[in-house]
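> here is the input, now give the coordinates:
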Amino acid sequence: MFHKGIASLVFNKQVRAVIEPILNSANIGIIIIDAKGNLVYVNRICEEIFHVRSEDISGIHYNEVFAQIPPGERYTLITLETGQEFENIGSEKARFNNLYITTDTMLLRDEQGNTIGAVGIFKNITPIYEFHKRLSESSKLSMLGNVAAGMAHEILNPLTTSRGLVQILNQKAGDNNLPTEKVKEYTDIILKELDSIHNLVKRFTHMSKSKALDMKPVNLDQLVHMSVSLVADQLKEKRIQVVSKLQAGAIILGDMISLKLALLQILDNSLEFLPCGAMINITTELSGNEALLIVSDNGPGIQHDILDNVFTPFFTTREEKTGLGLTIAQRIIHTHKGLIRAESEPGKGANFIITLPLVKSFLL
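Predicted coordinates:
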């Protein structure tokens, strides 16, 4: 951090001549204003960032020099007027020279504690910003490629099967020796495969479409009870016990149908991997302005390399599954301004932790 003592020395013109080469060699922009908001000093980097010359703006008020900056983003002046100091704050994009910058500010006082000015320190983070942007775009392209490959795989498999059976039926069309039951067997398989494509497209459409949510207060206790009742038959079949520990007052703003679908995806995932006689624990908790919904099980757990991909579209360890369930759950939670994460250790079960804003914080 730029030292306040050095900034204070700038007010002395004789001392400034000595330290100015040091300030100009720093890889940061420095602006210093006096108690009235007038420019006292601007170093070379700052001149480059804001396209100004120190000799032209010395003694001119900050607002006049930087009129292009919105009032709410004139952080150096805000520090002078309010005493509030900022650290690493910045606009999405600097309005000068298409640079991305962050700003630190400090209030300057004399030995008696009187305000004598403020200093603004500007860092050009454009290379870092653009690197992260390229990284993000690369990641999106990679994800798109994975989704396309997964979609193709899931559709081509049933299509290949169906096409093969249709070819057989076509070849045997005039063959009276083809048993009726064989024809029915083939057509049943074709219908099953086509249904799988239909269901896949429906789930993918649900995941990709941004439909309007019917946002109303939702009691997480009610959400849990309704969701568990929908998988009652599967729970009974595998003799899996569900233990709920629900905290009163966990009210969020949400779309009950969508949230129920999200929780069902998580429960379905647990049911898929849990052995008979296992246990699922569902807990709700209040934490500040947030509600936690935790689904835990005592199953085989998730390997670390798999854990990193559980929310990736089409990622699955089961050939007959689409790998979209948890992706859909994540998307729904995100549209509710929430977060979802998975935690697990092999052999120690799995935890899915959902964080959602409570009604009072959602409305702020």
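> S54 is in contact with V40, isn't it?
No - counting by CB atoms under 8 Å, S54 does not reach V40; the two are 9.8 Å apart. Every residue, glycine included, has its C-beta placed from N, CA and C.
> tell me which of those two has more neighbours.
V40 (23 against 16; other CB atoms under 10 Å).
> correct me if wrong: the more buried one contacts H61.
No - if you go by CB under 8 Å, V40 and H61 don't touch, sitting 11.5 Å apart.
> am I right that G120 is in a strand?
Yes - the assignment for G120 is a strand, going by DSSP: H, G, I helix; E, B strand; the rest coil.
> show me what contacts it?
G120 makes contact with 29-33, 75-76, 79, 103-105, according to CB atoms under 8 Å, 6 or more residues apart in numbering.
> does the residue lying closest to it once chain neighbours are set aside count as helix, strand or coil?
Excluding its sequence neighbours, the residue lying closest to G120 (CB to CB, 6 or more residues apart in numbering) is T76, at 3.3 Å. Using three-state DSSP, the secondary structure recorded for T76 is helix.
> I'd guessed T76 sits against Y62; true?
Yes - at 6.6 Å, T76 counts as touching Y62 under the criterion of CB under 8 Å.
> who has more neighbours, those two?
Neighbour count, other CB under 10 Å: between T76 and Y62, T76 has more, with 27 against 22.
> what sits against the more buried one?
Counting by CB under 8 Å, 6+ apart, T76 touches 31, 33, 62, 103, 105, 118-120.
> what about the nearest residue to S258 once chain neighbours are set aside, how many residues nearby?
Among residues not flanking S258 along the chain, I332 sits closest, at 4.9 Å (CB to CB, 6+ apart). The number of residues packed near I332 is 25, by other CB under 10 Å.
> what does the closest residue in space to F122 that isn't next to it in sequence show for phi and psi?
Using CB to CB, 6+ apart and skipping the chain neighbours, the partner closest in space to F122 is G29 (3.5 Å). When read as degrees, to the nearest 10, the backbone of G29 gives phi -90, psi 140.
> cool, and A278?
phi -80, psi -180.
> output the below-cut-off pLDDT ranges for the chain.
The chain contains residues with pLDDT under 70 at 1-26, 90-98, 130-158, 165, 168-179, 196-212, 314-315, 317-323, 360-364.
> which parts of it are strands?
Assigned by DSSP state E, the strands in the chain fall at 29-34, 39-42, 101-109, 115-124, 216-219, 241-245, 251-254, 279-287, 290-297, 339-344, 350-357.
> so which of the ones you listed gets nearest T312?
The minimum distance between T312 and these falls on strand 339-344, with 11.6 Å, by CB to CB.
> mind listing what that closest one pairs with, with the direction of each?
In the sheet, strand 339-344 lines up against strand 350-357 (antiparallel) (DSSP bridges).
> got the angle between the strand it pairs with and strand 290-297?
Orientation check (axes from the mean of the first three to the mean of the last three CA atoms, to 10 degrees): strand 350-357 against strand 290-297 gives 170 degrees.
> rewinding a little: could you check how far the residue nearest to G120 is from N88?
From T76 across to N88, the span is 14 Å (CB to CB, to the nearest Å).
> C276 now?
Separation of C276 from N88 (CB to CB): 54 Å.
> how about V40?
Taken as CB to CB, the span from V40 to N88 is 24 Å.
> which residues touch the closest residue to G299 other than its chain neighbours?
For G299, ignoring the flanking residues on the chain, the nearest one in space by CB to CB, 6+ apart is L274 at 4.4 Å. L274 makes contact with 238, 240, 280, 297, 299 under the criterion CB under 8 Å, 6+ apart.
> at 6 Å instead, please
L274 makes contact with 240, 297, 299, according to CB atoms under 6 Å, 6 or more residues apart in numbering.
> fine, thanks again, bye for now.
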